[in-house]
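need a structure here:
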Amino acid sequence: MSYDLIAETIPAVTGGLFDFERDLTAAEDTALGRSVISILAAYIIETLSLMTDPSDGDDWPLYISSMPDGDNVKTDCGAIYDTAGVLDGKLSSGEVVQHPGIQLCIRSDDYETGYAKIEAIALALDDICWNTITISGDTYLLQNISRVSAVVPLGSERGYKRRFLFTVNFLCSLRKIV
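Residues are numbered from 1 along each chain as shown. The predicted model follows:
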């Protein structure tokens, strides 16, 4: 006589109190639908008004995931990058709790101006607590932005004597409001 251990054991373990179905819509509801850095860039530009959209041609443009160079790019500018985040585990609903990592970088032709700019942005992001921003009809709740480094002066940019770089890192908690 043969005995199928898996066929006999699995229903016994998963039945009764342990019988459940995972709600896949919960995972879909937690998806942001756009990158974290694009959400924070929009917040820094539109809500804080501490940087500008590069397409506007104004002072202090904020770029996403790169800091371009060239004759048509302002020296005083910034870029926001994705960095390593932190995973805090998983809720019983199946949602993975994560805090994406963000790095803000500022370039300036004057040391004091560059330092003051990144410090002002860092202090403004420190104050975020349950703020919202709407982008193209989608609303995002910025629950918290936690600074994980002080402002770090990186010295002058390679190949330039008078272009200074500064950076600061954050972890963030945000979600899309459905």
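
contacts, neighbours, all on C-alpha from now
OK.

after the top helix by length along the chain, which helix or strand is next?
In the chain, with assignment by DSSP state H, the single longest helix is helix 111-126. Beyond helix 111-126 on the C-terminal side, the first helix or strand identified by DSSP states H and E is strand 129-135.

in its sheet, what does the next helix or strand after that next one sit against?
Proceeding C-terminally, strand 129-135 gives way to strand 138-147 as the next helix or strand, assigned by DSSP H and E. Here strand 138-147 is paired, per DSSP bridges, with strand 129-135 (antiparallel), strand 164-177 (antiparallel).

got the angle for the last one vs helix 111-126?
Going by axes from the mean of the first three to the mean of the last three Cα atoms, to 10 degrees, strand 164-177 is angled at 20 degrees with respect to helix 111-126.

mind listing what's buried along strand 164-177?
Counting neighbours by 16 or more other Cα atoms under 10 Å, one finds that the buried residues in strand 164-177 are 164-176.

could you dump those residues into TSV with distance to residue 100 and pLDDT added?
TSV is the format used below for the buried residues of strand 164-177 (distance: Cα to Cα, whole Å; pLDDT from 0 to 100):
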residue	distance to residue 100	pLDDT
164	27	95
165	23	96
166	20	98
167	17	98
168	14	98
169	11	97
170	8	97
171	6	95
172	6	94
173	7	91
174	9	91
175	11	89
176	14	91
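
spatially nearest residue to the spatially most central residue of the chain (excluding sequence neighbours)?
Closest to where the C-alpha atoms of the chain average out (Cα atoms, centre = their mean) is residue 36, at 3.7 Å. Closest residue to residue 36 apart from its sequence neighbours, by Cα to Cα, 6 or more residues apart in numbering: residue 100 at 7.4 Å.

quick one: least confident helix or strand in the protein?
Within the chain, no helix or strand scores below helix 24-30, which has a mean of 45 by mean pLDDT, DSSP states H and E.

residue contacts, the closest residue to residue 172 other than its chain neighbours?
Nearest non-adjacent residue to residue 172, counting by Cα to Cα, 6+ apart: residue 145, 4.4 Å away. By Cα atoms under 8 Å, 6 or more residues apart in numbering, residue 145 lies in contact with 125-129, 170-173.
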